[in-house]
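Student: Give me the fold of what follows.
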Amino acid sequence: MRAGPLGSLRERVRAATRPLTAFVAVVAASIAGFVALTGISVVDAAFWLLDPTSIELYFEHHDGPERTTKGFAVVAFTALILAGIWVGESALDAAFDGRLEEELRRMQTERKIAELTDHVVVCGHGMFGRTVAERLRSRGRSVVVVESDESQRERIDESTLVVAGDARREPVLEEAGVDRAAAVVAAIDDSSANIQIGVAVSQLAPEARLVVRVGERMYESTARRVGADVVVIPEEVSGSEVAEEL
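Tutor: Predicted structure coming up:
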């Protein structure tokens, strides 16, 4: 279930607090470590974090555990860099209203889809589309799901490649790599929409095997005319299966 505005704000505040807390803890631990190792003041130790060359200058005029101090400095500065990167990522995520992670996932998905060939594009992730996608994946086929409904996308397994958008739009199908797909399944619970998807697929990927779901027999001839290789009427298929079992 999607969090409300207040819950989302609290989540972002918590997400921003953790890296800041870690950064402050690293700074405090580093200062305390320098003070404990060399006996310098807290102010001088803090300055060492700003200017690491001061450590070298210090040991030119003072005795002490130089090797240990320099080793500790390497660890401290590495931790500071990592904590700083974490803080920066959190700041960017907050600046983009929590959409940075989503954008990074989208870019990663695009990269994976660009590497696919002979995959299956399933348009729509309702009961029918989900069943088709799950069966194909269980048999080792690569699947890309196209789904416009955000609530449906949230239910899709994270390991599934998903393109957000209306499958009737050519740019969305292109993003799903339809031109390299072995097959496309128009699985939306809307016969007209599926036929429109069929028209777009016929233009973009005429060699791909096209499966179109329709709700009634009257749509079958239209689906065939737009290029459907297979026309599926789920109610008839399930009814035939039940009859066979009986």
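Student: What pLDDT does the model give the residue nearest in space to the middle of the chain?
Tutor: In the chain, the residue lying closest to the centroid (CA atoms, centre = their mean) is residue 105, at 2.5 Å. In this model, residue 105 is scored at 76, pLDDT.
Student: Likewise for the one 4 residues further on?
Tutor: Looking at residue 109, its pLDDT is 86.
Student: Point me to the helix or strand that includes it.
Tutor: Element membership of residue 109 [criterion: DSSP states H and E] is helix 100-114.
Student: Report all helices and strands that that helix contacts.
Tutor: helix 66-95, strand 161-164 (3 or more CB pairs under 8 Å, 6 or more residues apart in numbering; DSSP states H and E). Bear in mind the C-beta positions are built from the backbone N, C-alpha and C, glycine included.
Student: and stretch 139-149, average pLDDT?
Tutor: The predicted model gives stretch 139-149 an average pLDDT of 94.
Student: Counting neighbours, which bits of it end up buried?
Tutor: Buried residues in stretch 139-149, counted by 16 or more other CB atoms under 10 Å: 142, 143, 144, 145, 146, 147, 148.
Student: Make JSON lines out of the residues you listed and add secondary structure and distance to residue 196.
Tutor: Compiled in JSON lines, those are given as follows (DSSP: H, G, I helix; E, B strand; the rest coil; distance: CB to CB, whole Å):
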{"residue": "142", "secondary structure": "coil", "distance to residue 196": "25"}
{"residue": "143", "secondary structure": "strand", "distance to residue 196": "21"}
{"residue": "144", "secondary structure": "strand", "distance to residue 196": "19"}
{"residue": "145", "secondary structure": "strand", "distance to residue 196": "18"}
{"residue": "146", "secondary structure": "strand", "distance to residue 196": "13"}
{"residue": "147", "secondary structure": "strand", "distance to residue 196": "16"}
{"residue": "148", "secondary structure": "coil", "distance to residue 196": "13"}
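Student: Any stretches of the protein with poor pLDDT?
Tutor: Along the chain, the parts satisfying pLDDT under 70 run over 1-16, 92-103, 238-246.
Student: Recalculate using a threshold of 90.
Tutor: Across the chain, the ranges flagged by pLDDT under 90 are 1-23, 50-54, 56-57, 59-64, 66, 83-110, 150-160, 234-246.
Student: Next up, phi/psi of the residue of it most remote from its centre, please.
Tutor: Most distant residue from the mean C-alpha position of the chain: residue 61, 54.2 Å away (CA atoms, centre = their mean). Residue 61 adopts backbone torsions of phi -120, psi 0, taken as degrees, to the nearest 10.
Student: Need the winner for burial among the helices and strands packed on helix 100-114.
Tutor: Mean neighbour count, computed with mean count of other CB atoms under 10 Å, is highest for strand 161-164 among those, reaching a mean of 20.
Student: I'd like the next helix or strand past the helix holding residue 109.
Tutor: Moving toward the C-terminus from helix 100-114, the first helix or strand encountered (DSSP H and E) is strand 120-123.
Student: Can I get that following strand in PDB? Just the C-alpha atoms.
Tutor: Coordinates of each C-alpha in strand 120-123 appear next as PDB, following Å, rounded to 0.1, in the frame of the first residue of the first chain:
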ATOM      1  CA  VAL A 120       8.400 -11.800 -25.100                       C
ATOM      2  CA  VAL A 121       6.600  -8.400 -24.500                       C
ATOM      3  CA  VAL A 122       3.500  -8.800 -22.400                       C
ATOM      4  CA  CYS A 123       1.200  -5.800 -22.600                       C
END
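Student: domain ranges for this structure?
Tutor: 5-98, 102-245 (automatic domain parsing).
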